[in-house]
Each structure stands twice: as C-alpha cells, then as structure tokens.
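Chemist: below is the structure, and that's it, no one-letter string:
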C-alpha cells in the first residue's frame, strides 16, 4: 500500500512538473508587441481542494494581478495564502509584486487545529522606526504602537496599503496574515505673527496664528492726533516698500510700519494763521495753561510750531 502511495506521489510531482513546463512555454504577445504571461494557481497538496482559481492569462509584462476573490477550501486545513515556491517561504504580495514571466503560485495550508501565528511590520515612511509585532494569533486585533515622529510633520494614522487608502482600525480590524501597515503624515503648516508699529499713532493689535503663505486683512487705520493722515503700512522702518494686503503673503514673523502724511510742512500757514516753522512727527507735549489763565487749556501733544501772524494786535497777544 505504501509503495502504491509513493508511486502516486511521484506521478503527481511529474504531472505538476509537466504543467510548470507548459506554463513556462505559455508566453504570448499583446497588441503592442509586448510579452504577456500566465499566472497559474496550484493547490500544493494531494488532498481534494475546491475553489481553486483558474489561471490568469494575458498578463502584461511588469503588471500586478488581482488577488482571487475567494480562497480555496481543503477539509481540515486553513488556507494561509499564495506563495512563490512550493516550500511556501515567500508570500506573493498582490499589492506590490509584478509578473515578469509565466508564474506559478502555491497554496499554503495549516492544520485547522494548529494555532496560526502572524507578524505585523510597520513602514513609517521616513519617520522613526516602529518595532515589529510578533506572534499575533490569527483573527485577533493588535494594540496600536507608540506613534512615530517625523520632523516637519504630524502623524496621521496607519494604513493597510502603501497607497494610504484604507485606514487600519485597531479596535476592529484583525490580523489574518503577515502584513505591513503604512504611516500617513500631515505636513505641519507654520503659523506666524504680524506686529504693527504705528510710529507714534494709536496702538494696533497683533494678528496671530497667520498660516504661512496667506494674506491678511488690513486692520483699522491708526490715528495720530493733529499730525496728519495715515498713509499705509510698510515692510521696513525706512518706509520704502508698501505692504499690499491683496497680494502680499506672510511667510515669517513680521512687523509692518505706519507711514504718515503730515498736515503741514515748514512754511505753510498753520491753523492759527501763522507760518509753520517747526514740524516733528514724534510730537511734543504742550503743558496745560497756568492756573487762572483764560482761556484755559489742558496738556496735549503738538506736532507743529507756528509764528504769530503779523496782524495779531498786542491786545490779542
């Protein structure tokens, strides 16, 4: 009986070898003259197996193939995936492996009473390393590892494929094969502060948390007493280049400087009818009138001095 079984195994191996040779010769061409190949699925056992996928034909050179929609079934065993060799050492990765010749994939099986153990690798995509999780019982969840870090980025989540399409859910997703999870990152967009130097005018509040590369809205214009009118915000203290709120963008912490247009220049006739002979944009304090003075006035900031008009009489002075 043993000899009969041995002869059967030899015959089966010969048939598989014949099929592999036939597959190696099953190379075609596509409409563009390029090679096409066939991918064959082998049950890799003498037991009866149902649901074995049909060969995939006409595969373009360098193309990936789609994983068969259903797994084959073998009584008393669990299917562990498709492998590149009969010894089932290297699993075929349908997400990344490409076909460059006629290919045979081999089913891997494990006794249904034997515990299936997997491992989970983490591809951090440029972040700090994350250790592999070993000895994961098939069909169980895993605990999320400590998130990796990456300069200039915040960690988003772990995904099931390199294309970062489907997020891995550590509460519900279960490990049913050796897998790799892929880190997704979000770029940290810098934010900046814009400070306003009103050059002696009323205070203007900072604009904080400005996203890099964006414009800002012009604040309410400051005022500067009787000196004159506000004439725009400039990029430097020398007041050379005006800031354009419609097009200029913030790319660093900056200070904008107020420019003022004086109401009078030296030689102008002042509000009292005299000739302006002194102008200062910084202003100076005029003290309040002495006690009992009429008319009385309170202290104020002045920006001009003007000579008394010639037509003022001694009584008026």
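Modeler: Good, I have the coordinates. These numbers were taken from a predicted model, which means no experiment stands behind them. Numbers count the residues shown, from 1 in each chain.
Chemist: all helices of the stretch 1-150 of the chain, in order?
Modeler: Along the stretch 1-150 of the chain, the segments classed as helices by DSSP state H, counting those that start in this stretch run 2-24.
Chemist: neighbours around residue 256, how many?
Modeler: 23 (other CB atoms under 10 Å). Using the backbone N, CA and C atoms, a C-beta is placed for each residue, glycine as well.
Chemist: what residues are up against it?
Modeler: Contacts for residue 256 (CB atoms under 8 Å, 6 or more residues apart in numbering) come out as 194-197, 233-235, 243.
Chemist: got JSON lines for these, with distance to residue 161 and neighbour count too?
Modeler: Below are the contacts of residue 256 laid out as JSON lines (distance: CB to CB, whole Å; neighbours: other CB atoms under 10 Å):
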{"residue": "194", "distance to residue 161": "42", "neighbour count": "20"}
{"residue": "195", "distance to residue 161": "47", "neighbour count": "14"}
{"residue": "196", "distance to residue 161": "49", "neighbour count": "19"}
{"residue": "197", "distance to residue 161": "53", "neighbour count": "16"}
{"residue": "233", "distance to residue 161": "50", "neighbour count": "25"}
{"residue": "234", "distance to residue 161": "52", "neighbour count": "19"}
{"residue": "235", "distance to residue 161": "47", "neighbour count": "16"}
{"residue": "243", "distance to residue 161": "47", "neighbour count": "19"}
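Chemist: distance to residue 73, secondary structure and pLDDT added to the residues you listed, as a markdown table?
Modeler: Putting the contacts of residue 256 into a markdown table (distance: CB to CB, whole Å; DSSP: H, G, I helix; E, B strand; the rest coil; pLDDT from 0 to 100) gives the following:
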| residue | distance to residue 73 | secondary structure | pLDDT |
| --- | --- | --- | --- |
| 194 | 68 | strand | 98 |
| 195 | 72 | strand | 98 |
| 196 | 74 | strand | 98 |
| 197 | 78 | strand | 97 |
| 233 | 75 | strand | 98 |
| 234 | 78 | strand | 97 |
| 235 | 74 | coil | 97 |
| 243 | 72 | coil | 98 |
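Chemist: redo the residues you listed as JSON lines? Include distance to residue 109.
Modeler: JSON lines is the format used below for those (distance: CB to CB, whole Å):
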{"residue": "194", "distance to residue 109": "67"}
{"residue": "195", "distance to residue 109": "70"}
{"residue": "196", "distance to residue 109": "74"}
{"residue": "197", "distance to residue 109": "77"}
{"residue": "233", "distance to residue 109": "75"}
{"residue": "234", "distance to residue 109": "77"}
{"residue": "235", "distance to residue 109": "73"}
{"residue": "243", "distance to residue 109": "72"}
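Chemist: for stretch 34-49, measure first residue to last.
Modeler: End-to-end distance of stretch 34-49 (CA to CA, to the nearest Å): 35 Å.
Chemist: my error: substitute stretch 219-236 in the last question.
Modeler: Start-to-end span of stretch 219-236 (CA to CA) is 18 Å.
Chemist: list the buried ones in it?
Modeler: Residues of stretch 219-236 classed as buried under the neighbour-count rule (16 or more other CB atoms under 10 Å) are 219, 222, 224, 227-228, 230, 232-235.
Chemist: specify which member of these is nearest to residue 85.
Modeler: residue 235 (67.6 Å; CB to CB).
Chemist: ok, that closest one to residue 207 distance?
Modeler: 15 Å (CB to CB, to the nearest Å).
Chemist: now do the strands in the stretch 151-300 of the chain.
Modeler: 153-159, 179-187, 191-197, 207-211, 228-234, 254-262, 276-286, 300-306 (DSSP state E, counting those that start in this stretch).
Chemist: and if you look at the stretch 1-150 of the chain?
Modeler: 28-29, 35-42, 56-60, 77-83, 103-111, 117-123, 133-137.
Chemist: the residue nearest to residue 205 when sequence neighbours are not counted: what's it in contact with?
Modeler: Nearest non-adjacent residue to residue 205, counting by CB to CB, 6 or more residues apart in numbering: residue 219, 7.1 Å away. Listed by CB under 8 Å, 6+ apart, the contact partners of residue 219 are 196, 204-205, 207.
Chemist: closest to residue 268 out of the strands of the stretch 151-300 of the chain?
Modeler: So among those, strand 276-286 is nearest, using CB to CB, at 4.7 Å.
Chemist: gap between the two ends of stretch 114-126?
Modeler: Start-to-end span of stretch 114-126 (CA to CA) is 37 Å.
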